[in-house]
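**Q** Sequence and predicted structure, then a few things I'm wondering about:
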Amino acid sequence: MYMVKTAYMLIAPVLVVGTLAIACSTDEASDQDDVDSSQVTSSYEGSSTDGSTSAAGSTSPQEPATGEKPAVPSPDLNKGGGGRETLDERAQQYLVRGQRAFQQGNYERAVAYLDSAEQVEPRTSVVPFNRGRILMAVNQDRGAQRAFEKALHRDRNYPDAREQLGDLERQRGNNEAAIDYYRGEEQVDPTPSLYVDMGTVYDRLGKADSARAAYERAIALDSSNAEAHMMYGQFLEKTGNLKEALEHSRKALSLEPDRPNYQFAVGSQLYQLGQLKEAVPHLKKAADARLLHYPAQHNLGQVLMRLGREEEAERYMARADSSRALMDTITSAQSVATRNPKSVDAWIRLGKLFRRAD
């Protein structure tokens, strides 16, 4: 009997920076080029990656689960603030420089610039908010929580701060606390991404009707939001509504056709619906995109076997076994590195393993 892989393990762990030390001053980090203060935004912008959106399947859709390896740095800091604060020009320049440092992965320098901005504007909310985003990027969750709470203390309606606190609680498995934060954010800044988050947590809490309503609200706010369609498709697949799930997965793929996870979602749902030939090209694109995309390789092998293409099937099943073994090795290496954050050798080994997987 052949089985489709729809419950997925964590395939690509995020590379964790063990300790964030404020090691440079703004004098040491100073940029000499002119800064256009109009570039400043109320939250730092990082480069989003394919790993930031979850894979298809019935596991938690917020977890990167099917082999799209996040880049480092990989946080998505495109939200928040909304430009609601008017800042001194010097503070704006520090924020612009900090944003550049953040985008380059230099978190220490980014925090140093934030500190300088806060010296100029000691009551602003944008500084602690962005400090929280940086601390989240390096897995310093307690510090991030304090920073977001500080932003709200200074401005109780600061957009996105409650959503970030909800994200932290969700990561800890505190789903009731997460939904409380999300409901608070809903009163301040209801966005598609917020409703996707709410749908995810309601699903975890077993509140299917609330989850469905949240996903539909996200799509109603922005029908071109690929993530909302994809995550709703995952929810529908989990609840057994495969045909409706496939419609939303295909919509997500049409909006972002280069996403391996989206190819995988469509291919796996076609497989479950018995449309084997149609599933092959989608699963193949996902399987060939990443060595660590174990579920795609496994499912493709199963589909090809059922189609009588045994030689191809055996090749992808062998790749699935190899990717599973490499994933286990990476997981072990990451555990060693995070337990020994000052061990250069441990981090080098982990980096080499990720390069093998790319």
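**A** Nice, thanks for sending it over.
**Q** Check which residues of stretch 338-348 are buried.
**A** Buried residues in stretch 338-348, counted by 16 or more other C-beta atoms under 10 Å: 338, 346-347. Yep, even glycine has a C-beta here, placed from its N, CA and C like the rest.
**Q** no, scratch that, I was asking about stretch 116-127
**A** 116-118, 120-121, 124-127.
**Q** ditto for stretch 346-358
**A** 346-347, 349-350, 353-354, 357.
**Q** Send me stretch 319-334 as PDB with only the CA atoms.
**A** The C-alpha trace of stretch 319-334 is given here as PDB (Å, rounded to 0.1, in the frame of the first residue of the first chain):
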ATOM      1  CA  ARG A 319      17.100  10.500  -2.600                       C
ATOM      2  CA  ALA A 320      14.400  10.600   0.000                       C
ATOM      3  CA  ASP A 321      16.400   8.300   2.200                       C
ATOM      4  CA  SER A 322      19.500  10.400   1.700                       C
ATOM      5  CA  SER A 323      17.700  13.600   2.500                       C
ATOM      6  CA  ARG A 324      16.200  12.100   5.700                       C
ATOM      7  CA  ALA A 325      19.700  11.000   6.800                       C
ATOM      8  CA  LEU A 326      21.200  14.400   6.100                       C
ATOM      9  CA  MET A 327      18.400  16.100   7.900                       C
ATOM     10  CA  ASP A 328      19.000  14.000  11.000                       C
ATOM     11  CA  THR A 329      22.700  14.900  10.800                       C
ATOM     12  CA  ILE A 330      21.900  18.600  10.500                       C
ATOM     13  CA  THR A 331      19.500  18.500  13.400                       C
ATOM     14  CA  SER A 332      22.100  16.900  15.600                       C
ATOM     15  CA  ALA A 333      24.800  19.400  14.500                       C
ATOM     16  CA  GLN A 334      22.400  22.300  15.200                       C
END
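**Q** what's the distance between it and the middle of its chain?
**A** In this view, stretch 319-334 has its centroid 21 Å away from the chain centroid, taken as C-alpha atoms, centre = their mean, to the nearest Å.
**Q** Could you do stretch 217-234 as well?
**A** Using C-alpha atoms, centre = their mean, the offset of stretch 217-234 from its chain centre is 16 Å.
**Q** same thing with stretch 161-169?
**A** Worked out by C-alpha atoms, centre = their mean, stretch 161-169 lies 14 Å from the chain centre.
**Q** Outside of it itself, which residues are in contact with it?
**A** Residues outside stretch 161-169 that contact it (C-beta atoms under 8 Å, 6 or more residues apart in numbering): 79-80, 125, 129, 132-133, 136, 141, 144-145, 148-149, 151-152, 175, 177-182, 184-185, 188-189, 193-194, 197, 201.
**Q** just the buried members of the residues you listed?
**A** Buried by 16+ other C-beta under 10 Å: 79-80, 125, 129, 132-133, 136, 141, 144-145, 148, 151-152, 175, 177-179, 181-182, 184-185, 188-189, 193-194, 197, 201, out of those.
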